[in-house]
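Visitor: Sharing a model prediction with you, sequence too.
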Amino acid sequence: MYHQTRRNARKYIIQALYTWEISKNNILDIKNQYLKKMNKKIVDIKYFHELMTKVINNHEKLDQKIKKCLHIKMQKIGQIEKAILRLSFYELYNRKDIPYKVSINESIELAKLFGSNNSYKFINGVLQNAKDNIKNIKT
């Protein structure tokens with residue numbers, strides 16, 4: 001159940017990050033909008049709060065790390081893919097309690113759910129590049 005509540009939190013995080021990227025509305029308003037939709041029994045609310053805050057507050061640093069693993073310009077990446085990569089890079093670099101394989105798999109599943117047909121392949125490739133560059137990654 002614990003893993004499912006995290007997975008559900010990630011789904012809402014991606015939607016909220018996408019909303020923020022498109023609208024640039026106040027992050028608290030966006031968080032509250034999504035919190036109203038959530039069934040608190042099946043979503044890890046604490047995880048949602050933490051990652052929304054951390055990813056938004058560190059999006060420029062995360063984007064710099066993402067750019068180092070890309071073969072295309074950041075501007076050419078779709079907004080959903082950008083949201084997934086930001087979440088993934090935050091987890092890979094900052095959440096050592098989450099094995100990198102779990103983070104990468106979750107990101108691929110998010111890309112299959114929210115992205116275009118081949119988004120998951122793109123996300124997987126970028127995250128494999130990132131994994132090779134991150135020291136002390138927990139396996």
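Guide: Structure received.
Visitor: Lys67 contacts Lys76, correct?
Guide: No: the criterion here is Cβ atoms under 8 Å, and Lys67 misses it with Lys76 at 11.5 Å. From N, CA and C alone the C-beta is placed, and that goes for glycine too.
Visitor: Pull out the buried positions in the longest helix along the chain.
Guide: Counting residues, the longest helix found in the chain (DSSP state H) is helix 2-23. If you call a residue buried by 16 or more other Cβ atoms under 10 Å, then helix 2-23 has these buried ones: 5-20.
Visitor: Closest one of those residues to Ile134?
Guide: Here the nearest of the buried residues of helix 2-23 to Ile134, counting by Cβ to Cβ, is Arg10; it sits at 19.2 Å.
Visitor: Distance of the spatially most central residue of the chain relative to Met74?
Guide: With distances taken as Cα atoms, centre = their mean, Leu87 lies nearest the centre of the chain, 2.1 Å away. Between Leu87 and Met74 the distance is 16 Å, computed by Cβ to Cβ, to the nearest Å.
Visitor: Point out where the protein drops to low pLDDT.
Guide: 1-2, 135-139 (pLDDT under 70).
Visitor: Please enumerate the strands of it.
Guide: For the chain, applying DSSP state E gives no strands.
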